[in-house]
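Asker: got a predicted model here, sequence first, then my questions.
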Amino acid sequence: MAELGYVAGDVLRDIRAFDGGADAWLAAYVAKDGWHRLDLAQRGLEAWIAKLDEEPDERPLGVVRRAYENACHAMAAGFSRALGRAGWTVPGALQQNRIWSEAVVHQPKPVAYFLVDAMRFEMGAELAELLAKTAEVSLRAAVGSLPSITPIGMAALQPGASSSFSVCEQGGKLGARIDGAFLPDLAARKKHAGARVPTLVDLPLDELLNLQPSKLAKKIAGAQVIIVRSQEIDQVGEAGFIFQARQVMDSMISNLARGVRKLATAGVEYAVVTADHGHLFYSTDRDDSMKIDPPGGATVELHRRCWIGRGGSTPASCVRVAGSALGYDTDLDFVFPSGLGVFRAGGDLAYHHGGPTLQELVIPVLTVRSRVVASPTITTPVRVRVTVVPEKISNRVFSVVLNSGEQQMSLERLAHDLAEDHT
């Protein structure tokens, strides 16, 4: 709590004195000691609380949580204004729809492409530190596509998005269009990627972590690109399970690192890890003063942090952006809360995304090269003598003495030789 309170105060002082364009806001957020450390401290606190046997004192906890929200509100309002002045783009930043063409295509093959739903930039920074213990890692930030929701963000990460990408409505559904293909959901995205990359394997992170090494090797044999999808963060957040969400967000970093390492042992040396969008996450429901009546009009979709449609009004605490201003070939309008407010809509009020805050819009892009260690080749067998063998084995734990004379060997080679001699 002390750490979060200190960081929140430090960041808030910086923001109040800050004067810069959208690119300067992005740079201040993603710098090594940048403002994203505020989100890192908040997630660390919430995950720590979820592990306690007893709740901490309510009053100081409430103080630091409010300090975090105050800093986030100032950050959201300032960045939204700067983004609007810049024409809803961040000059010089890597755009999400260019990640495939700039970060994935030119990697040596095979390459793993991790698509993590709702991974904030600070989570990517922590993952980079964890992976750096066993791999070469580079981290950069990318600016996501608006609205920062899954169907749009995941489509922007697809092959071909750099040359043709637009958000539109078709048949009453919202989705993205790439080279004439309408991608409103996962099934459409998988079909699109499979047609663009014939030697592609697609599997969920949970399946990857559970596959035995031999079955994993068989599954990815011959693949040039292995797409690994993770939906855990978004699923538990959208479901409204706040307590479980804290635990999942804390464990996802190590699970992603484990997935990268597991593919490395299967011969996939290179990986790119990124996200469709980030998120805002608080410990409790939003206060009534933070809830906004939706614009009305011809609504296509309504989320907590964005309205998509035509016509209607623009609430005083919101900003309306024409789809054409975002570079889309569409007549749709997008309305976003200019601060941390949320529309009165379905879904959880502690966890949400869709808007233009730094936490929602800035995503990590990790490029990883793992140190692949080849399994030792067994050549000349070594004879092993087994002594002190019990006459009768009556439980699961017993001991014997193995003697290979003066020769040295690894445990793997020893196991191989024992298997050869087993009767």
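Answerer: Yep, that arrived. Residues are numbered from 1 along each chain as shown.

Asker: can you pull out the helices in the stretch 251-400 of the chain?
Answerer: Here the stretch 251-400 of the chain has its helices, by DSSP state H, counting those that start in this stretch, at 358-361.

Asker: where does the prediction get shaky in it?
Answerer: Applying pLDDT under 70 to the stretch 251-400 of the chain flags residues 284-288, 346-348, 372-382, 396.

Asker: need the contact list for the spatially closest residue to residue 370 that is not a sequence neighbour.
Answerer: Nearest non-adjacent residue to residue 370, counting by CB to CB, 6 or more residues apart in numbering: residue 264, 3.5 Å away. Just so you know, the C-beta spots here come from the backbone N, C-alpha and C atoms, and that holds for glycine as well. Applying CB atoms under 8 Å, 6 or more residues apart in numbering to residue 264 gives the contacts 135, 271, 370, 371, 372.

Asker: what is the burial count for the first one?
Answerer: Neighbourhood size, residue 135 [other CB atoms under 10 Å]: 21.

Asker: likewise the fourth one?
Answerer: Residue 371: 10 surrounding residues under other CB under 10 Å.

Asker: which residues touch it?
Answerer: Shown in contact with residue 371 (CB under 8 Å, 6+ apart): 134, 135, 264.

Asker: hmm, the second one is touching residue 369, no?
Answerer: Yes. The pair residue 135 and residue 369 passes the contact test of CB atoms under 8 Å, sitting 6.0 Å apart.

Asker: the contacts of residue 264: which two are farthest apart?
Answerer: Comparing all pairs in the contacts of residue 264 by CB to CB, the longest separation belongs to 271 and 371, at 12.5 Å.

Asker: across the sheet, point out what pairs with the residue lying closest to residue 205 once chain neighbours are set aside.
Answerer: Excluding its sequence neighbours, the residue lying closest to residue 205 (CB to CB, 6+ apart) is residue 230, at 4.1 Å. Taking DSSP bridges as the rule, residue 230 bridges to residue 116.

Asker: tell me who's in contact with residue 230.
Answerer: Applying CB under 8 Å, 6+ apart, we find residue 230 in contact with 114, 115, 116, 117, 119, 204, 205, 252, 255, 256.

Asker: try 7 Å this time
Answerer: Neighbour list for residue 230: 114, 116, 117, 205, 256 [criterion: CB atoms under 7 Å, 6 or more residues apart in numbering].

Asker: residue 242: which of the residues you listed is nearest?
Answerer: Distance to residue 242, by CB to CB, is smallest for residue 117 among the contacts of residue 230, at 17.6 Å.

Asker: how about the nearest residue to that closest one, chain neighbours excluded?
Answerer: Nearest one to residue 117, counting by CB to CB, 6+ apart, is residue 234 at 4.0 Å.

Asker: and the one you found, how close does it get to residue 68?
Answerer: Here residue 234 is placed at a distance of 21 Å from residue 68 (CB to CB, to the nearest Å).

Asker: go on, residue 324?
Answerer: 36 Å.

Asker: which of these two has more neighbours?
Answerer: Taking neighbours as other CB under 10 Å, residue 324 and residue 68 compare with residue 68 leading, 24 against 12.

Asker: quickly find the element holding the more buried one.
Answerer: Here residue 68 sits within helix 58-85, counting by DSSP states H and E.

Asker: cool, thanks, signing off.
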